[in-house]
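Student: the following block contains a protein sequence and its predicted model.
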Amino acid sequence: MAHKMAIECDLVRADGIEATEFFHLANRYNVRAIPMIVINETVQFSGAPTESEFLARIVEAAGS
């Protein structure tokens, strides 16, 4: 969903990281499950959210 949003809006950037290849990032964000989603360095969660859950997290991050 993040990548789709990034395609549609220039204000959104999405990066996919392979935790086994970028151990320093996995360690930095305390990755213990895949997928691990980090929004604006303020909101983090694991798992595959529904679209409405994902949007709620984006709104949460925007308010931080």
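Tutor: Yep, it's here.
Student: CA only for contacts and neighbour counts going forward, please
Tutor: Fine.
Student: Ile17 falls within a strand, correct?
Tutor: No - counting by DSSP: H, G, I helix; E, B strand; the rest coil, one finds Ile17 to be coil, located in no strand.
Student: next, give phi and psi for it.
Tutor: Reported as degrees, to the nearest 10, the phi and psi values for Ile17 are phi -120, psi 130.
Student: and it, how many neighbours?
Tutor: 13 (other C-alpha atoms under 10 Å).
Student: got it, and Arg57?
Tutor: 19.
Student: and the closest residue to it other than its chain neighbours, bridged to which residues?
Tutor: Nearest in space to Arg57, with sequence neighbours left out and distances taken as C-alpha to C-alpha, 6 or more residues apart in numbering, is Val43 at 7.1 Å. Using DSSP bridges, the bridge partners assigned to Val43 are Ile39.
Student: report pLDDT for Val43.
Tutor: Listed pLDDT for Val43 reads 94.
Student: for it, what are its contacts?
Tutor: Arg57, Glu60, Ala61 (C-alpha atoms under 8 Å, 6 or more residues apart in numbering).
Student: now name the helix or strand holding Ala56.
Tutor: If you go by DSSP states H and E, Ala56 is part of helix 51-63.
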